[in-house]
Every structure is written in structure tokens, then in C-alpha cells.
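# here is a sequence together with a model predicted from it:
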Amino acid sequence: MLTEPTLTSRHEDGRDVPLLVWRADRPLLTVSSAPLGGGIGVRHWVVNATVPMSYHRDDPADHLAELADQLGLDGPGVGLLTGVDVAEVVARADSGVRVWATVGLGTPVQAAAPDPAVGTPAPAPARCAAPAHRVGTV
């Protein structure tokens, strides 16, 4: 089971930026689409880190691994990035299920909407190239 999250911060780009850390009291089998620790596997911790809406790093998994190292987290974990302030986390429990949510509704976009900059799909071999857009937050 996961502990209650710990709110902490890191100093980045000249300011203190919040992040949440959950630790597992025993290794947990997880399913995740996170940039770090995505897939199905045994994980020991979860980090949800606030980043600016202008987040531009193209190595989010490496960034999250750096944060985990700074926090002294051991073993494999799950790392998430969000453009909202994780200090505003909302927790709820019902029928033995616990949920912690960080939700931003300031700039809503449809997750499946086509990227207007991409245009017409490329032929199959070109689809293996790097994405035409920057990495960001959902």
C-alpha cells in the first residue's frame, strides 16, 4: 500500500517547485503510462512533480530519475510531471479505494485532438521519426 503523499519541493530555475512523494510499504505491482516507470512492473515509490506549462525538456524520464535520486528514492518507481501545482492535491477514499488527484482545467485540450501543426500523416517509414511537437504536459 502507498503511504500518504509527502509534499516537498526542489530548487529549479531559481525557484522552489513542489512535488509529491508516495512510498510503498512493500513493493507494489503497478500499471502506469508515466514517462518514468511506465508499463507493468514492481515499483517502490511514486513522484508527481510540478513543472512549468512551458516545460521544454525532451528527456522527461531522465529528469524524473534525477529528481528521484535527489530525494534518495531507492529501487524502481513511477514518475509523473504536471503543469499544475501539486500542493493543491485532493484526496478521497471510498470503499477501500484511495485517490489523490492533481487536476488543471486552466488550458483544456482534447487529448486525442490532432495537432494542427502536423497536418497530413506521413508515409509509414517517416512515422518512426521524432515527434513534430515538443514534449509537454497533458
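Right, received. Where do you want to start?

# please report phi then psi for the one residue sitting closest to the centre of the chain.
The centre of the chain sits closest to Leu80, judged by Cα atoms, centre = their mean, with a distance of 1.4 Å. In terms of degrees, to the nearest 10, the main-chain angles of Leu80 are phi -120, psi 150.

# which residues does the nearest residue to it once chain neighbours are set aside bridge with?
Once flanking residues are discounted, Leu80 sits nearest to Asn48: 4.5 Å by Cβ to Cβ, 6 or more residues apart in numbering. Every C-beta, even on glycine, is put in place using the N, C-alpha and C of the backbone. When assigned by DSSP bridges, Asn48 has beta-bridge partners Leu20, Leu80.

# show me what contacts Asn48?
Pro5, Leu19, Leu20, Leu80, Leu81, Thr82, Val86, Val89, Thr102 (Cβ atoms under 8 Å, 6 or more residues apart in numbering).

# run the last query once more with 7 Å
Leu19, Leu20, Leu80, Thr82, Val86, Thr102 (Cβ atoms under 7 Å, 6 or more residues apart in numbering).

# who wins for most neighbours among the residues you listed?
Looking at those with neighbours defined as other Cβ atoms under 10 Å, the largest count falls to Leu19 at 26 neighbours.

# could you pull out the strands for the chain?
6-12, 15-32, 39-50, 78-82, 90-94, 97-101 (DSSP state E).
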